[in-house]
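Colleague: Fold the following.
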Amino acid sequence: MKSAHSQKGMSVVSWLMLLSVVAFFASAAFKVLPHYFDYMSLEKIITSVETDKAADVRSVNDFYNHVSKGLQVNSIRGFNMQDALKLKLENNEFRAHLKYEKREPLIENIDLVVRFDKEFRVRMP
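Modeller: Below is the predicted model:
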């Protein structure tokens, strides 16, 4: 029989535990990352009002229509724009407040929650 001093490396049980921890965090990341990508797309859509001359956004309704078209182009579904995006028009600039949260079930009654809250100041083109 070999002594414990001469044995090297991890046991099968240790490898399985390490693999299960890595799988857990990978699963959580794959559930949360699409929401971050959608949020980054929303940021680009909102800030593009300032640079997109063809959009001709002059009113709050035009702004909502522009964002709605951007949601369709980027295939962002399950997003309630009326609740998440609040707009004000002041001194030739839009103040857009994007605030929402998304939940993803992880295990049984444990959810992953991502919360987004950002204020934008977008000048009219």
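Colleague: most centrally placed residue in this protein?
Modeller: Geometric centre of the chain, nearest residue: Tyr36, 2.3 Å, by Cα atoms, centre = their mean.
Colleague: Tell me which other helices or strands the helix or strand harbouring Phe63 touches.
Modeller: Secondary structure from DSSP states H and E places Phe63 in helix 60-73. Counting by 3 or more Cβ pairs under 8 Å, 6 or more residues apart in numbering; DSSP states H and E, the packing neighbours recorded for helix 60-73 are helix 12-51, helix 81-84, strand 85-90, strand 93-107. Where C-beta positions appear, they are placed from N, C-alpha and C, glycine not excepted.
Colleague: Residues contacting that helix, please?
Modeller: The contact list for helix 60-73 (Cβ atoms under 8 Å, 6 or more residues apart in numbering) reads 41-42, 44-46, 48-49, 52, 55-57, 79, 81, 85, 87-89, 94, 96.
Colleague: From those residues, keep the buried residues only.
Modeller: Burial by neighbour count, judged by 16 or more other Cβ atoms under 10 Å, picks out Ser41, Leu42, Ile45, Ile46, Val49, Ala55, Val57, Phe79, Leu85, Leu87, Phe94, Ala96 from those.
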